[in-house]
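> Structural data only, the sequence is not supplied:
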DNA sequence: GTTTAATTCAAACGTTTGTTTAATTTTGTG
DNA sequence: CACAAAATTAAACAAACGTTTGAATTAAAC
């Protein structure tokens, strides 16, 4: 068993939770060390700096979606409509099951210090956009989907999810939950509602019968 | 001329820009004082603390949308479809013309310290949701709109916009702009594209002819 | 078992943080 | 002009920040 890799990953997981909850600048290295149960100096020892810890975290988590989207794309047994529905399920589940990381991506993406990280994030987003573009253009060639602004449509998909993951107190109000609802109950109430809405939305948006 | 009110507001404007750019925790009181050209102590003098400065800023900017939505609602000369299109224009323009403040709302809303501010933000969102609900239910009664999940639809509207305002480097890539594009050019390129997309999207989403 | 390297630790480093102080200047009022 | 209130200032405050140090401990290699 690799003790070192375990401890490194443990620190990253703890940092992810704290960054997601209180933001990068709102989280101190001492917070991370204390919650992870390691000595303060270990963070510099393992990662070099707080900034590089964030880079390591992004490197660890990012880029995971691509493989799944590629598989989805290649699956010949699925119709374009099936793929759209699976896409919705996939993204909603993925964001809700990785809430801290997605909060970091959304909050910290604007003012990323390192050009390297910024370019990495962009290239990941562009790659995912390319996969979704393939799904939609395939549907268009099969005369199922109409002409739409694909990058904007992807923004709608991600933005709709984020608008409720980024504002939990408001979301709790909408879902008729108390403000003190646990993350768990919030996710399980939100997920089916978001999925149903997005499927209905994209159904109407993409359907060639709704061409103007 | 009220010099004091001017200076107070000037500090708030500068703070808004910095909070929007670097986040609340990423902005120091000294940053604000320097950029505003006032003495460091003036911020405590005027606002009491950094936290209360943020509260003052939110109090100043928030709640402005409500009056316009109410007017839009009351306007008898507009069809529900007109109202939806105006709603899109209004929100896109409003967000893009107040980018720093909306960045603050989106980034800082999750971890608002003060319960008072949190409740204030929620009540504003709920009031806006009520106005939009009226527009949509009106369209439904007139047999123009179909049944949709209204809170989720509002989330889609706001989230679609935010997904591009929160990630400018990616947005520049999509819009075929250089990464060094000014805020100005980014806004003017993004606005028509977002508006056209959202109008097309909501058109298909709400149209009763697209009932399943 | 000895030696070398990797890991862990308490302590301290120099800055920066938000806020306060107390003296000074400016402003408004009679 | 005189006087009280308000506004502004430089300086200092303690606390928290990210990072480094150098000694102590553990693990690995021979």
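Nice, I can see it. On a predicted model such as this, the values are computed, not experimentally measured, just so you know.
> Where is the longest helix in chain A?
helix A:115-141 (DSSP state H).
> Would you indicate which residues of that one are buried?
By neighbour count on 16 or more other CB atoms under 10 Å in any protein chain shown, the buried set for helix A:115-141 is A:117-118, A:120-122, A:124-125, A:128-129, A:131-132, A:134-136, A:139-140. (Each C-beta comes from the backbone N, C-alpha and C, glycine too.)
> Looking at those, which is nearest residue B:156?
Nearest to residue B:156 among those, counting by CB to CB, is residue A:132 at 16.6 Å.
> Relative to residue B:112, how far out is the nearest residue to that closest one once chain neighbours are set aside?
Among residues not flanking residue A:132 along the chain, residue A:154 sits closest, at 5.4 Å (CB to CB, 6 or more residues apart in numbering or on different chains). To residue B:112, residue A:154 is 29 Å away according to CB to CB, to the nearest Å.
> and stretch A:47-63, which residues are buried?
Buried-residue list, stretch A:47-63, by 16+ other CB under 10 Å: A:47, A:50, A:53, A:54, A:55, A:56, A:57, A:58, A:61, A:62.
> Provide a list of residues in contact with the first one.
Put plainly, it is residue A:47. Shown in contact with residue A:47 (CB atoms under 8 Å, 6 or more residues apart in numbering or on different chains): A:11, A:53, A:56.
> can you map out the helices along chain A?
Along chain A, the stretches classed as helices by DSSP H are A:3-22, A:29-36, A:41-47, A:50-61, A:65-74, A:80-97, A:99-108, A:115-141, A:150-165, A:168-174, A:183-206.
> How about the third one and DNA strand D, touching?
Yes: for a cut-off given as CB under 7 Å from any atom of the strand, helix A:41-47 has contacts with DNA strand D, namely A:41, A:43, A:44.
> dump the residue contacts of the first one.
By that I understand residue A:41. By CB under 8 Å, 6+ apart, no residues touch residue A:41.
> ok, now the one 10 residues further on?
Under the criterion of CB under 8 Å, 6+ apart, the neighbours of residue A:51 are A:113, A:114.
> cool, residue A:198 as well?
Going by CB under 8 Å, 6+ apart, residue A:198 touches A:88, A:92, A:157, A:160, A:161, B:152.
> hmm, back to that, which members of the buried residues of stretch A:47-63 are the farthest-apart pair?
A:50 and A:62 (18.4 Å).
> Around DNA strand D, pick out the residues from chain A.
So chain A meets DNA strand D at A:27-31, A:40-41, A:43-44, A:48-51 (CB under 7 Å from any atom of the strand).
> That concludes my questions; thank you for your assistance.
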